[in-house]
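below: sequence and its predicted model.
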Amino acid sequence: MKKKNLLLAMILVIAMVFVSACGNDDAKKDSKDNKDSEGKTEQTTIEFWTMQLKPTFTEYIEGVIADFEKENPDIKIDWLDVPAADLDKKILTAVSSNTAPDVVNLNPTFASKLAELDALVNMEEAVSDEDKKKYVKGAWEANRLKDVTFAIPWYLSTEVTLNNTKIYEEAGLDPEKPAKTYEEAKEYSKVIKEKTGKYGYFPSLDLSLVLQHMVVMGAELTNEDGTKAAFNTPEGLKAFEYFTELYQEDLIPKEALSGDQRNTIDMYQAGQVAFFAGSHFISQIKENAPEIYENTKPSEAITGDTGKKTMSVQNIVVPKQTENEEAAVKFALFLTNAENQLAFTKLTPILPSAVEALEDPYFTEAGEDAEPTDLVRITAAGQLDEAELLVPPMENYDELKEAMFDAISEAMLGEATPQEALDKAEKAWNDILAK
Amino acid sequence: MRTNKLTPYLFLLPGCVILGAFIFYPMLQAIWLSFTNYNMVSEPDFIKFDNYENLFQDELFWKTLKNTFIYLIGVVPALVIVPIFLAVLVNQKLKGIGFFRSAYYIPVVTSLVVAGIAWDWVYKENGLLNYVLDLLGIIAEPIPWLTSTDTAIFAVMVVTVWKGLGYYMIIYLAGLQSIPTSLYEAAQIDGANWWQQHTRITIPMLMPFVLIVTIMSSIAAMKVFEEIYIMTGGGPLHSSETLVFYIYKEAFDRLNMGYASAAGVVLFILTLIFSLINLKVMGKDKTA
Amino acid sequence: MAAKKGTSIIKKILLYLLLIAITLFMIGPFLWLLSTALKSASENIFQYPPKLLPEEPTVSNFGKVMDVFPFWRYLLNSTIVSGLTVILNVLFCSLAAYPLARMNFKGKNTVFILILSTMMIPFQLLMIPVYILSLNLGLQNTYLGMVLPHVTTAFGVFLMRQAFMTVPYELDESARMDGANSFQIWWRVLMPLVKPSLVTLTIFTFVSAWGDFLWPLIIVNDQNMFTLPLGLNMLSGTFTSDWRLIAAGAIISMIPVIVIFLALQRFFIGGAMKGAIKG
């Protein structure tokens, strides 16, 4: 009798769990059935994921979706906003279980990894030539890996230097003449360090930035067909020597080595750094450090002998797993058309990838009451013609990037001479490229 | 005994069904994946021991393994011993002791993403720690705690300890409740002082809980990830990169799930061996 | 803990000083959080040297946080998920721990080791198989999907096992003489005696369920099912991150945890159950 009680209790508990599990199962099936019955009226549902745009852009995205659904009554868009830091994990679990969304906003690095595995629709085939022409050429070509264009460009940004005019003045420098080249950046840093004890330049070395700096300084990353490293040259060495010198002479903060942009922005907001490349952070500075924002003056990106300037592209991809490729591409094109992009760029300092949108006076003329945010936008747009994607998508990119970062870190920490470090990086790259 | 042979299994059933389905079965799959080339997009492809061979040839793997052990050795003793004192301290009948208990528990529930910034203030070149050390005349030059290969991993360890003290304190606090007051009364009559009372009664009676704290904190130390991810990103020059960080990077930055799983299996085996030794050694003390 | 009679006032003061010193170390980062959350929009929160006291304290940041996402909806979701997880977890873990602590049966050690071993592989490696399993069980976008994988933890089983081991055997012997079966002994004799450990397990389970981020994010695609941590994540956007709001959000999400802790910590009263154990 008592044992029965025990047994009963156990069975009850387990049953409870599974009944409720199955209950939900049914519910899920129901909703699927619903979809199926809707399917009879030929309604397609597109799952659309963005990278952390809520809540700032909720209204905007919902507006675009509403417009699209109005034009295409047979297509319904399900929008999900995913935290940027974990989008990769979420999309990988979805792809691995064959439940990938139809349209996703991804950063180019991660998108190129998926493209490497042939998981993304080739836009070269999916988009008509006429539509392709609507995008800035460099932006469209930025998403190319081995003859496949794996994404549609969404918005762009170019690098803009933010200068703390107050520190310039304290050091007796003219804020109207911000540092324009690496050499100037070094000189300014020396003056600022001497006069104020603060840091001048804070170069970010995370993500692909080491590679970018090298290209700007005139080094080629690989040979034409991408099979061998080509940066072990006087130019490459110069890049390594430059940062090593800055670091060892204490002209840039030690945190530069952490390879984490958070340090850069925090120190700028703390008023301890005079200039850094950070157009992306201007809104943040406005929110967190209003007085620093007031003193901020944007200027063109710091460049080297090549005069090269970098452009980065955010994009929209369509995973191959989608069952509604046509509708998905249609939506992706709609989202990135000139009209919608222009509206988007009015909300935040980014640049549109649609040619037509760029011609808007919004990107060319600064008003009387222009704030630093506006100036950042106009400066960024102004150098778009000269800007290009400096580090193209490459296979095994993450490993290449890390090898280079490790090498330059060794040089900066004094564990190897710049030349030794460069040799080491070259060897590592050749090994990785040979894979 | 009227206990039916089935009884123990009935008690175990619900828990084991859940653990079996949601952890054990996935674990077996991860072990299988460690013998494949799996990128999460295409189907896994069986490659026998290739992942393990590559793993053992990777210098970075050995380095992260070494770092993991440094972490283990640095963190576990602190997390096993210090919380005992804290638990004894907050187990006293004092006014407002509830406040202190909560205060000590707060690091456990403080989001590391946000606490990381506060810790940055401590570790910066011109941060709190350098300021204090300079004031005391201990250092002449500020030390870049998080960006020097000599100090980064230890700086992160401090954060782990800070975050863990309250957690293990609570486990001990629960343990302390099961020690009969009569034992202390008897000891007092025998003239034992405060120290003797604790070494002769508290510690031995707390052994089952010392065992769990040792095992839990060792497993946590071997799996440390979040602090590293937030504070140093494994740098500089991988000096603070631990095995789980390496696994994470391989899995999600490089999409080598099969390879990452192989590293996970190695971690699993090492942790298991370590825990078994712990159970053997410390389980002996307790003749329950 | 033996309360020493006639503790002198000096000893007490020293004790409090020690308690306060440790408190400062423990809650330092939290104070930074609090001060950031209270700072008004005109104040630079990254200024150097850092300022702990806000110039013009404001609580408006807390209100703003609640407007960013459907706060009450997400709070409800979090409460349901955490509540369910705690109840089932405490129940299943104490059930499973009982035979492991106090019975002899075939395969006891093996079962115990197997249970422990489930803690030893990082979740990131299990995520995909667990996700596929949950999809097949139809758990996507459900509360149960967020709850089920966490309703038994090796830690919980282990903790309860250790707790049951400290209870003297004479107690169940005498209960057995009175005709109680195993289930009754577990429920009526043992469970009341291990309350402090049950409380510990409750707190720990609640904290981890409440703060869980990655799993709900993976298993839920419907924004109405989001939990608080997923909502709080929206406070830092792609182009913005106002640390005042992030800090305020972090504090809001800590409040329920601290309330529960404060409510439950009074079960840690030395000697409360000693009479029963003496038996």
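Arrived safely.

look up how far chain A lies from the residue nearest the centre of chain C.
Compute the mean C-alpha point of chain C, and by CA atoms, centre = their mean the closest residue is C:V207, 2.4 Å away. Applying CB to the nearest CB, to the nearest Å, the value for C:V207 to chain A is 20 Å. In this view, the C-beta of every residue, glycine as well, is placed from N, C-alpha and C.

got a list of what that residue touches?
B:V108, B:V109, C:V257 (CB atoms under 8 Å, 6 or more residues apart in numbering or on different chains).

what does the stretch 101-250 of chain C have sitting close to chain A?
Within the stretch 101-250 of chain C, the positions near chain A by CB under 8 Å from any CB of the partner chain are C:124, C:127-128, C:131-132, C:135, C:137-142, C:144-145, C:148, C:151, C:181-184, C:213-214, C:217-218, C:221, C:223, C:230, C:233-234, C:236-244.

try chain B
Counting by CB under 8 Å from any CB, chain B sits next to chain A at B:4, B:7, B:10-11, B:13-14, B:17-18, B:39-42, B:117, B:120, B:124-126, B:144, B:146-149, B:232-233, B:235-238, B:249, B:252-255.

just the buried members of the residues you listed?
In the residues of chain B next to chain A, burial by neighbour count holds for B:7, B:10-11, B:13-14, B:17-18, B:39-41, B:117, B:120, B:124-126, B:144, B:146-149, B:232-233, B:235-238, B:249, B:252-255, counting by 16 or more other CB atoms under 10 Å in any protein chain shown.

which of those residues are close to chain C?
Among those, the ones lying near chain C by CB under 8 Å from any CB are B:T7, B:F11, B:P14, B:I18, B:M40, B:I117, B:N126, B:F252.

neighbours of the residue nearest to the third one when sequence neighbours are not counted, how many?
In other words, B:P14. In this structure, B:P14 finds its nearest non-sequential neighbour in C:F92, 4.8 Å apart by CB to CB, 6 or more residues apart in numbering or on different chains. By the criterion of other CB atoms under 10 Å in any protein chain shown, C:F92 has 28 neighbours.

now C:F92: how far from B:K124?
Separation of C:F92 from B:K124 (CB to CB, to the nearest Å): 46 Å.

before we move on, what about B:V41?
Counting by CB to CB, the gap from B:V41 to B:K124 is 41 Å.

what stretches of the stretch 101-250 of chain C score poorly on pLDDT?
Along the stretch 101-250 of chain C, the model assigns pLDDT under 70 to residues C:238.

residue of it nearest chain A, please.
C:G138 (3.1 Å; CB to the nearest CB).

which SS state does that residue fall under?
Three-state call for C:G138 (DSSP: H, G, I helix; E, B strand; the rest coil): coil.

hmm, stretch B:151-168 touching chain C?
Yes: Stretch B:151-168 lies within reach of chain C by CB under 8 Å from any CB, at B:W162, B:L165, B:G166, B:Y167.

which of these sits closest to A:I285?
Proximity to A:I285 was ranked across the residues of stretch B:151-168 next to chain C by CB to CB; first place goes to B:W162, at 29.8 Å.

the residue nearest to A:V376 when sequence neighbours are not counted: which element?
Computed as CB to CB, 6+ apart, the closest residue to A:V376 that is not its neighbour in sequence is A:P298, at 4.5 Å. Using DSSP states H and E, A:P298 maps to strand A:296-300.

adjacent strands (with direction) for that strand?
Taking DSSP bridges as the criterion, strand A:296-300 pairs within the sheet with strand A:160-164 (antiparallel).

hmm, who's touching the partner strand?
Here strand A:160-164 makes contact (CB under 8 Å, 6+ apart) with A:175, A:178-179, A:268, A:271, A:273-279, A:281-282, A:285, A:292, A:295-302, A:372, A:376, A:379-380, A:383.

buried ones in the strand or helix carrying B:A262?
Following DSSP H and E, one finds B:A262 within helix B:257-285. By neighbour count with 16+ other CB under 10 Å, helix B:257-285 contains the buried residues B:257-268, B:270-272, B:274-275, B:278-279, B:282.

ok, back up a step: and the next element down the chain from the strand holding A:P298?
Sequence-wise, the next helix or strand downstream of strand A:296-300 (DSSP H and E) is strand A:309-317.

and C:S241, how far is that from A:V210?
As judged by CB to CB, C:S241 and A:V210 stand 24 Å apart.

more crowded one of those two?
Remark: of C:S241 and A:V210, A:V210 carries more neighbours, 26 against 18, as counted by other CB under 10 Å.

pretty sure that one is in a helix, no?
Yes: assigned with three-state DSSP, A:V210 falls within a helix.

re the thing from before, if you count contacts, what does the helix holding B:A262 end up packed against?
In terms of contacts (3 or more CB pairs under 8 Å, 6 or more residues apart in numbering or on different chains; DSSP states H and E), helix B:257-285 is packed against helix B:25-33, strand B:36-37, helix B:50-57, helix B:59-90, helix B:203-222, helix B:243-248, helix C:108-117, helix C:123-136.

quick one: the first one to helix C:108-117, angle?
This points to helix B:25-33. The directions of helix B:25-33 and helix C:108-117 differ by 80 degrees, with axes from the mean of the first three to the mean of the last three CA atoms, to 10 degrees as the criterion.

packing partners of helix B:25-33?
For helix B:25-33, the packing partners by 3+ CB pairs under 8 Å, 6+ apart come out as helix B:257-285, helix C:123-136.

before we move on, the earlier item: and which of the contacts of C:V207 is nearest chain A?
Taking CB to the nearest CB as the measure, chain A lies nearest B:V109 of the contacts of C:V207, at 20.2 Å.
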